[in-house]
Structure formats: structure tokens, C-alpha cells
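Undergrad: Here is a sequence with its predicted model. Questions after.
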Amino acid sequence: MTDRLDIDTIVSAPFEENSYIVRVPGGTKCFVIDPGFEPDEILDRMASLSLGLEAILLTHGHADHIAGVAAMKEAFPAAPIIIGAGEERMLTDPYLNLSAMGGMKVTSPPADHLVHEGQPLEVLGLEWEVFEIPGHSPGHVVFVWKGGKPGIVFGGDVLFRGSIGRFDFPGGDGQKLIDGIRQKLYTLPEDTRIYPGHGEATTVGMEKRSNPFTREGASLW
């Protein structure tokens, strides 16, 4: 059993979205979080590391986080697509995933496995917890590994370094987003590392102390 993971970050244009390649040190398989608009970069990095793909994990269904799923699935057909139950329809509907707004009409293959909060998830032989934190999108989930030193959160567009996810998209709700961050992410140990969907990694403790959107008394408007 390991207490750390190797994490490679691929930043995809045009939205500077973070896709993550996650593996156990010395392992021959990985999983990918939120493959964006540059899946060839992800596949090239995996090939350079001689990695197979165990699963594709999606924090939510917005186009910049799912644009590369079809290419990943084509390269590794047996790898399941895993997403929160509340985001399932966004994979195949370009209006729900917002790509149609920009004239791109991005779609993904349908999900293979839907997850809910409290449901255990095993990937790479490790136990992950699923937290549902809506507000940026209606069924947004984050994936939490408590077995590491420190623990790890793949948080999508919930909490950023010094900021939070947008909540002005259809289905957004700023108060739900803030409540979810405070009630779920901020109960984790302060050294827990958060790998967000955009920008640099941060920690629970840093955001509790300094994030201007989540401090007590902060106003969203």
C-alpha cells in the first residue's frame, strides 16, 4: 500500500483546464481526471511513461472537462467513464455541457459508472470518497483520497487557490457552492492538497485562512 501518488498535470487550451494523470509510484496503470481539449498531450505523456488506463474520472460535465473523453475512450475502450449521477446527461448534450454556446458542440461517450456521495470507489487499488458539492454545476463531485500523507482532493471547479468556481452558469448556485466547501472540504485535515480544475494546487488550510470567498461574512455579490 502506498501513501503517495505521482500526479502529472496537463494544461489544456483554450481554457487553461487542468487534466491529471494519476498513478501509484512504480505502477503500470493510471487514471485520468477531466481530460480536456488536448487529449493527445495526455496520451503522449502516458505513452512516455508506458502507462495503461484504468479509468476516466470526471468531476463534472462542462465541455472543457470532458472534451478529451472520446479520444481517451477510443484509445482505451475498457476504461470506464465515471461521473456523478447528477452530471450524466451533460456528457451527451452539448447544450447542457455549454459547448453549444460557443458553437463547438462537444460530446462524450455515455458514462459507464455513476457515483453518489458516500459511495466507495476503488481505483488503482485505493479507496476514494466521493463528495457532492453542487453550485458550479448541479451534480459536481470531488474525489478524495484520505490514505495519503497528505490527503488529496481532485476538486474540479469547486475551490481554487484564492477563488471559487463560477456559479453564473445554468444550474449554478453560489450559496450551495460556499456551503459545500465549508461543510465538506474544510472538514478535511489542513494539509490536504487540492488539485483544482484551473490554476495551481492549494491546501485546505491555505484556503480556510485566506480565501476571500469562503471566509465568514463574505458576500458573493
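TA: That came in fine, so what should we check first?
Undergrad: Bridged to the nearest residue to residue 25 once chain neighbours are set aside, which residues?
TA: Distances taken as Cβ to Cβ, 6 or more residues apart in numbering place residue 6 nearest to residue 25, at 5.4 Å, with adjacent residues excluded. Glycine gets a C-beta too; all of them are placed from N, C-alpha and C. Beta-bridge pairing for residue 6 (DSSP bridges): residue 23.
Undergrad: pretty sure residue 6 contacts residue 24?
TA: Yes - the pair residue 6 and residue 24 passes the contact test of Cβ atoms under 8 Å, sitting 7.4 Å apart.
Undergrad: For residue 80, give me its contacts.
TA: 55-56, 112-113 (Cβ atoms under 8 Å, 6 or more residues apart in numbering).
Undergrad: can we see that at 7 Å?
TA: Neighbouring residues of residue 80 by Cβ atoms under 7 Å, 6 or more residues apart in numbering: 55, 112-113.
Undergrad: for residue 73, same thing?
TA: 79, 81, 109.
Undergrad: can you do 8 Å?
TA: Under the criterion of Cβ under 8 Å, 6+ apart, the neighbours of residue 73 are 56, 79, 81, 108-109.
Undergrad: What is the nearest of the residues you listed to residue 154?
TA: residue 56 (12.3 Å; Cβ to Cβ).
Undergrad: tell me the secondary structure for that closest one?
TA: strand (DSSP: H, G, I helix; E, B strand; the rest coil).
Undergrad: quick one: the residue nearest to residue 25 and residue 116, what's the gap?
TA: Computed as Cβ to Cβ, to the nearest Å, the residue 6 to residue 116 distance reads 28 Å.
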